[in-house]
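**Student:** Got a predicted model here, sequence first, then my questions.
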Amino acid sequence: MVFSILSSEMRRKERIVALCLRISGVNISNNKVTETMSIVLLLISLSNLINAQTQPATSLPQDSTSVKDSGYIPIKPIPMLGSLERTLSGENVLPDSLFPFVDYKYLGDLLSKFTEVYIRDLGSPGQLHGLTMNGVDARSIAVMSDGILLNEPLTGVFDLNLYPTEYIERIEIIPATRAFLYGINSTGGAINLVTKNYVAAKPISRIRFFESAYEHTYFDGFVSQDVKRDLNVTIGLQHPSYYGRFRNSNHEGWNARVKIRYNLSEDLNIFASEMYNQTRTGLNGGLDTLTLPIDYYDKIDAILRNEDAYEKITRHDVQLGMAGRFFSDSNSITSLTLFHSTNLREYRDENPPIPYNNIFLQQDHWSQWYGARLTHNFLFFGNEINLGAEFQSRGVIASSVMNQEFRNNKSIWIKDRYEVLDAGLVVSGYGRYEHEPNQYALSSGFDVSYQLFSSLNVHGGISKSIRSSTLQEELWKDSVVDSWLPLSHEQHEVREVGLKLNLSNLELHLSSFQRTIVSSLENFSSFSANPFPNIFIDTFNERKIQGVNGLVKFRYGLFIAEGMFQYLSITNDGNEDTRYPNWNASGGIYLWDKFFDEHLNIKVGFRGRLVSAHDGVEFNPQAQMYVPSKYWKVKSVAVGDFVLLAHIGDADIHLILENMLGRDYILVPYFPMPDRTLRFGLNWQFLD
């Protein structure tokens, strides 16, 4: 009887999803799609069945993360848990309420909506696309989840494919001058992913699906339920899959996650979470230099650098923590989080039955980091004080290219924000001290914001900070990666000024920045090894980055135009650096409004992207590092898409015609970007 009811409930929801897919013309016959759909719907239906007899018959959705019934008054949770700062301005935050109207396939697409971010896209899902912010690469960018660092210790970077977008409540980006404050090696930028928190007297379940060309599919499903009063459990599952346009570019991944939150009182919350990732990705390294120009975008005749290499990633992330108000001031909030993470990367270049390059290579890199993070926020005579301390043990348990190495990092930081009442002036000062064996680093800065008029704000700041070399830069020694020793710390000095204009139908943000890096650590390549370019790490005496970021939104009636741009000028010891585009811009024109008594919210129109010509960088997938391109240059790029995004009831529908003119182009030599493709997506929430 139980299994009959469960099967009936699964078939009902499966028919709803399948009907939408057939209407859109999407093929759902693929076995992997059907298998994943069954798992997700089983998860949803099982939760509904278990709670069918124990919950009241009605529920009223209060917001995107809350479902209550008439007799259930939950304890009000402590707000802003997981946030780095409680006073971030709007352009530095992307809430999940805007996700339905931001087309995205993975986390990197969401980050690209910030003016500071430029992604070195490798053209295929699942690859380690290069994250940059204001001309600084991922080694200097901290990616965090609820304030806990995700960057793994060996390479110092985080693979954006491993974080499920449906787990995110909001994305925070800390501005350039104070980015260093909250994470190890975050001198170039700090990105914080705040996870969802639910209050659900009745079950909440959601599925997200999309399918595109070359069997690119994505499923994500989760269920959230208060198993008892004020004790919520949320579990989720994600499965991306990609067959590949070119040989050996396939990708498949699994992500499973669980989060528990127990609100003991309005003054004490306890939380715990675990996330598991497992992926397998083909690493063809892009086109070989032997490829004829006529075959650059031919998936059959193109010659690839490697048709054998692949990687497997297995990763665990665990957090356990509490937040409380332990003093009479309700604004005084203390939080403590314990964390532990491991990351195993298995790189293989093996000979299949038909050898491609006669290389046989097996490299394993197993890294681990754990520690504790303590923060305390309070008000003191009008000053908003943020205090923090953290201990991390970070290192490599075992590696094919280096010995076991662990380093203990101890850090403390403080930020003092003071707002002059009725004057529109806000002044902030901040500093961070880090200590590792035989070395320490002290970073500091301040910024000022002034509200000239109700619609116009100006701001500026300056900071000095330190980036330490990664374990890979220091200790990886083989025929692929080498460096001079010792490598010194990078010293960053950042200056920024900007303005924000907000009128009834116009929003404009402009900022100008200058970054000077002394003893800048850079990757070079002296020759192209078999099959990937070799890497040699050295330093520039001085690297200067100057730039301008801009964002504009304009609404007229039912129509909205929005766009953003970045200009960069970079020199190394006085010589021009051509690895980055001088200009990159994106934007679109849309009809965006609500219709049918506000039951339909639709955004439909055209968007485009421009990237100026530059020399670019090549990618070495064995070492996961970028080096200056030696054989190809990136030509100027101009591509456009048709976009339809709609919210109907509890469903979000995406229909995207990408690269609608079928342009052939690259952003990283030489990884061809996707040709003209149609992508359909569906995001559906169930409240029963």
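**Tutor:** Nice, thanks for sending it over. Numbers count the residues shown, from 1 in each chain.
**Student:** from here on, contacts and neighbour counts on C-alpha atoms
**Tutor:** Noted.
**Student:** where does the stretch 551-688 of the chain have low pLDDT?
**Tutor:** The stretch 551-688 of the chain contains residues with pLDDT under 70 at 688.
**Student:** at 80 instead, please
**Tutor:** Where the stretch 551-688 of the chain drops to pLDDT under 80, the residues are 687-688.
**Student:** how about the strands in it?
**Tutor:** 559-572, 575-576, 583-595, 600-611, 617-620, 625-628, 637-648, 651-658, 677-686 (DSSP state E, counting those that start in this stretch).
**Student:** do the same with the stretch 251-400 of the chain
**Tutor:** Secondary structure of the stretch 251-400 of the chain (DSSP E, counting those that start in this stretch): strands at 251-265, 268-282, 310-324, 333-349, 361-380, 383-399.
**Student:** Surely L111 and D103 touch.
**Tutor:** No - L111 sits out of contact with D103 when judged by C-alpha atoms under 8 Å, with a separation of 11.4 Å.
**Student:** circling back to that earlier point, could the strands of the stretch 251-400 of the chain be laid out in CSV, adding distance to N572, mean neighbour count and mean pLDDT?
**Tutor:** Compiled in CSV, the strands of the stretch 251-400 of the chain are given as follows (distance: least, C-alpha to C-alpha, whole Å; neighbours: other C-alpha atoms under 10 Å; pLDDT from 0 to 100):
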stretch, distance to N572, mean neighbour count, mean pLDDT
strand 251-265, 37, 20, 96
strand 268-282, 34, 20, 97
strand 310-324, 34, 19, 97
strand 333-349, 33, 20, 97
strand 361-380, 32, 18, 95
strand 383-399, 31, 19, 96
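**Student:** out of these, nearest to L661?
**Tutor:** Counting by C-alpha to C-alpha, L661 lies closest to strand 251-265 out of those; the figure is 26.3 Å.
**Student:** Just the CA atoms of that closest one, as PDB, please.
**Tutor:** Presented in PDB, the C-alpha positions along strand 251-265 are these (Å, rounded to 0.1, in the frame of the first residue of the first chain):
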ATOM      1  CA  HIS A 251      31.700  15.700 -17.800                       C
ATOM      2  CA  GLU A 252      29.600  14.000 -15.200                       C
ATOM      3  CA  GLY A 253      29.200  14.900 -11.600                       C
ATOM      4  CA  TRP A 254      27.200  14.100  -8.400                       C
ATOM      5  CA  ASN A 255      26.600  16.400  -5.500                       C
ATOM      6  CA  ALA A 256      24.800  15.400  -2.300                       C
ATOM      7  CA  ARG A 257      24.200  17.800   0.600                       C
ATOM      8  CA  VAL A 258      22.400  18.000   3.900                       C
ATOM      9  CA  LYS A 259      21.900  20.900   6.300                       C
ATOM     10  CA  ILE A 260      20.400  20.900   9.800                       C
ATOM     11  CA  ARG A 261      19.400  24.000  11.700                       C
ATOM     12  CA  TYR A 262      18.000  23.900  15.200                       C
ATOM     13  CA  ASN A 263      16.600  27.200  16.700                       C
ATOM     14  CA  LEU A 264      16.700  26.500  20.400                       C
ATOM     15  CA  SER A 265      15.600  30.100  21.100                       C
END
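**Student:** Which stretches in the stretch 351-500 of the chain count as helices?
**Tutor:** 471-475 (DSSP state H, counting those that start in this stretch).
**Student:** Now mean neighbour count and distance to D329 too, for the strands of the stretch 551-688 of the chain, in CSV please.
**Tutor:** Compiled in CSV, these are given as follows (neighbours: other C-alpha atoms under 10 Å; distance: least, C-alpha to C-alpha, whole Å):
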stretch, mean neighbour count, distance to D329
strand 559-572, 19, 41
strand 575-576, 11, 54
strand 583-595, 18, 43
strand 600-611, 19, 42
strand 617-620, 24, 52
strand 625-628, 22, 48
strand 637-648, 19, 41
strand 651-658, 20, 42
strand 677-686, 19, 38
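**Student:** sorry, back to before: make JSON lines out of the strands of the stretch 251-400 of the chain and add distance to L160.
**Tutor:** Below are those laid out as JSON lines (distance: least, C-alpha to C-alpha, whole Å):
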{"stretch": "strand 251-265", "distance to L160": "13"}
{"stretch": "strand 268-282", "distance to L160": "12"}
{"stretch": "strand 310-324", "distance to L160": "13"}
{"stretch": "strand 333-349", "distance to L160": "14"}
{"stretch": "strand 361-380", "distance to L160": "17"}
{"stretch": "strand 383-399", "distance to L160": "20"}
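**Student:** R245 is in contact with K299, correct?
**Tutor:** Yes - with contact taken as C-alpha under 8 Å, K299 and R245 are classed as touching, separated by 6.3 Å.
**Student:** Next up, the contacts around the closest residue to E350 other than its chain neighbours.
**Tutor:** Among residues not flanking E350 along the chain, F360 sits closest, at 4.7 Å (C-alpha to C-alpha, 6 or more residues apart in numbering). Contact partners of F360, counting by C-alpha atoms under 8 Å, 6 or more residues apart in numbering, are R348, D349, E350, N351.
**Student:** Report how many residues lie close to the closest residue to the second one other than its chain neighbours.
**Tutor:** Read that as D349. Closest residue to D349 in three dimensions, ignoring its sequence neighbours and counting by C-alpha to C-alpha, 6+ apart: A309, at 4.1 Å. Neighbour count for A309, taken as other C-alpha atoms under 10 Å: 26.
**Student:** do D597 as well
**Tutor:** Neighbour count of D597, defined by other C-alpha under 10 Å: 7.
**Student:** Could you measure from it over to Y163?
**Tutor:** The spacing between D597 and Y163, counted by C-alpha to C-alpha, to the nearest Å, is 36 Å.
**Student:** thinking again about what came up before, N351 is in contact with the residue nearest to D349, correct?
**Tutor:** No - the pair formed by A309 and N351 falls short of the contact definition of C-alpha under 8 Å, at 9.1 Å.
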